[in-house]
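Asks: With the input below, show me the fold.
(chains A and B)
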Number of protein chains: 2
Amino acid sequence: FLKKKYSFKISMIGAGNVSSQLAPCLESAGHAVMEVFSRDQKNARRLCEELYHASAKKDLDFSQSESMLFILAVPDDAIREVAERVILPPDAILMHTSGSTPLKDLKRTPQVEIAVFYPLQTFSKNKKVNFEDIPILIEANNEETLSTVKKLAGSISKSVFEVSSEQRSVLHIAAVFASNFTNHMISLAEDLTKAYDIDFELLKPLVAETINKSLEVGAKQAQTGPAIRADFKTLERHHSFLKKYDKQLARIYKHITDSILSGKK
Amino acid sequence: FLKKKYSFKISMIGAGNVSSQLAPCLESAGHAVMEVFSRDQKNARRLCEELYHASAKKDLDFSQSESMLFILAVPDDAIREVAERVILPPDAILMHTSGSTPLKDLKRTPQVEIAVFYPLQTFSKNKKVNFEDIPILIEANNEETLSTVKKLAGSISKSVFEVSSEQRSVLHIAAVFASNFTNHMISLAEDLTKAYDIDFELLKPLVAETINKSLEVGAKQAQTGPAIRADFKTLERHHSFLKKYDKQLARIYKHITDSILSGKK
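Replies: Here you go, the predicted structure:
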């Protein structure tokens, strides 16, 4: 859908879920991924096999690199350290891909510009995602860098937004609720059905319809169930059952129920 | 998709979300909805307008009714009382549509058979659902009744399952987690983004992908985020932020995070 207006030379630092999805996508968009570094060289080599130009880099000295953009896609708690150790060529832009890490955690040197390139999506190595519809939240230390990062993001996604470190950090917390916690609720339901020899397949149409409705009309409007109906008899029966079954689950039931009740108008 | 093998005369007791969806669907499948009763007569008349044969019934004396099947779709805490008050013709089958109500809450008289007809889906008055893919969980007091209810359910849905009152009650609790609580997590994320002037649209692709992945590979496999990574730095930062923002939200964050952590292998 995009015209190939820009072509960047890019190096990936990290070869995990984000890099594995992002690097091939960047190549499809006409950029050249030149190098891949990973602590685990096997991962770097595996990713390079999927790429046209890339070679596995064995250390963090990129001073001779042809790349202009360096994408730091490593676990959040390694960002600071790797950013301090990496040696970049002049005028390079170093950007991380993390939702919860402030821009300033990338230490800027006179020769290096810094930026954030955060694709707001959940990544697994094996399930291909389509970047076209994934929001990419960007931030940079100056307008020129921002403009470059915007070009990069716009070459793979239709929705690119400039978002401050604070907003991105709130978005990341919201994403934990909307994604990780929704998924965990499904996981708890799976456990419960398994324990009673019930096929979880039975619940799948309900989950799919719930989420469709929620995204369509808004979650407040879409809320159903005993809590929003203030059906205390059912709430009490569920809670007693869960207290016998699993105390931790009973506590979660109670806290979320209270939260639904307190949001009722 | 179904051949019209059976045609039942049916009366609806209750004209809420379930009846509003179920009655037209039953008619489309070739059955005749004869009467609709609702405490609020306006609701009964409104539903009758969408049906071919039905008239609004003003009381619970169905002794002269031509119907054989009586579908009791009223709020859970009204089932027992309405079931005691309703007067049915000989050989009628009275069935409720509740996930959490035991079969035996329908008092059986010598002349009346009892059953459960629980469509496992979330219903709103205005959003049409397709019953074909909705699991219908059935139960009855004897084989003959069960066979009749199975015919009725099979005439509108491809997935009909016989499920005991105990299993159904566990399923209902699992459904609260998988549906009501997932939706509430999205609702909390909506509130949070709104408070920081962030467009919730940004999170929708993430939610959609999360649920797709969860239903495809199983929620355990699909779990991502700081808790499953045991990224305590991020967990701590989120929790401190939430404690200042909203204590109840912080507690929910903590309990669900602990639950994810305790499920890690």
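
Asks: Show me what the helix ranked longest in chain A is packed against.
Replies: Using DSSP state H, we find that the single longest helix of chain A is helix A:247-263. Contact here means 3 or more Cβ pairs under 8 Å, 6 or more residues apart in numbering or on different chains; DSSP states H and E; on that basis helix A:247-263 packs against helix A:182-195, helix A:232-245, helix B:182-195, helix B:247-263. Placement of C-beta: from N, CA and C, glycine included.

Asks: can you give me the mean pLDDT across that helix?
Replies: If you average the pLDDT over helix A:247-263, you get 95.

Asks: Tabulate the helices and strands packed on helix A:247-263 (JSON lines), appending mean neighbour count and distance to A:Ile87.
Replies: Formatted as JSON lines, those follow (neighbours: other Cβ atoms under 10 Å in any protein chain shown; distance: least, Cβ to Cβ, whole Å):
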{"stretch": "helix A:182-195", "mean neighbour count": "23", "distance to A:Ile87": "39"}
{"stretch": "helix A:232-245", "mean neighbour count": "16", "distance to A:Ile87": "55"}
{"stretch": "helix B:182-195", "mean neighbour count": "23", "distance to A:Ile87": "38"}
{"stretch": "helix B:247-263", "mean neighbour count": "17", "distance to A:Ile87": "37"}
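
Asks: Quick check: which of the ones you listed is nearest to A:Lys151?
Replies: Among the helices and strands packed on helix A:247-263, the nearest to A:Lys151 by Cβ to Cβ is helix B:182-195 (26.7 Å).

Asks: any idea of the mean pLDDT for the closest one?
Replies: pLDDT averaged over helix B:182-195 gives 97.

Asks: quick check, whichever helix or strand comes after that helix touching chain A?
Replies: The helix or strand immediately downstream of helix B:182-195 is helix B:204-217, counting by DSSP states H and E. Yes: using Cβ under 8 Å from any Cβ of the partner chain, helix B:204-217 reaches chain A at B:204-211, B:213-217.

Asks: the inter-axis angle of helix B:204-217 versus helix A:204-217?
Replies: Angle of helix B:204-217 versus helix A:204-217, following axes from the mean of the first three to the mean of the last three Cα atoms, to 10 degrees, is 180 degrees.

Asks: List the residues that contact A:Thr234.
Replies: A:226, B:76-77, B:100 (Cβ atoms under 8 Å, 6 or more residues apart in numbering or on different chains).

Asks: Helix or strand: which one has the closest residue to it other than its chain neighbours?
Replies: Closest residue to A:Thr234 apart from its sequence neighbours, by Cβ to Cβ, 6 or more residues apart in numbering or on different chains: A:Pro226 at 4.0 Å. Using DSSP H and E, A:Pro226 sits in no helix or strand.

Asks: per-residue pLDDT, A:Pro226?
Replies: 92.

Asks: what sits against it?
Replies: Here A:Pro226 is in contact with A:234-235, A:238, A:257, B:76, B:100, B:176, B:180 (criterion: Cβ under 8 Å, 6+ apart).

Asks: now those residues as TSV including distance to A:Lys158?
Replies: Output for the contacts of A:Pro226, formatted as TSV (distance: Cβ to Cβ, whole Å):
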residue	distance to A:Lys158
A:Thr234	44
A:Leu235	43
A:His238	43
A:Thr257	39
B:Asp76	45
B:Ser100	44
B:Val176	36
B:Asn180	33
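
Asks: Among those residues, find me the one that's closest to B:Ser19.
Replies: Using Cβ to Cβ, these come closest to B:Ser19 at B:Asp76, 14.4 Å.

Asks: where does the closest residue to that closest one other than its chain neighbours land in three-state SS?
Replies: Nearest residue to B:Asp76, sequence neighbours excluded (Cβ to Cβ, 6+ apart): B:Ser98, at 5.1 Å. At B:Ser98 the chain is in coil, as set by DSSP: H, G, I helix; E, B strand; the rest coil.

Asks: Verify the stated contact: B:Ser98 with B:Phe117.
Replies: No: with contact defined as Cβ atoms under 8 Å, B:Ser98 does not reach B:Phe117; the gap is 9.5 Å.

Asks: What residues of stretch A:119-138 count as buried?
Replies: A:119-124, A:129, A:131, A:134-138 (16 or more other Cβ atoms under 10 Å in any protein chain shown).
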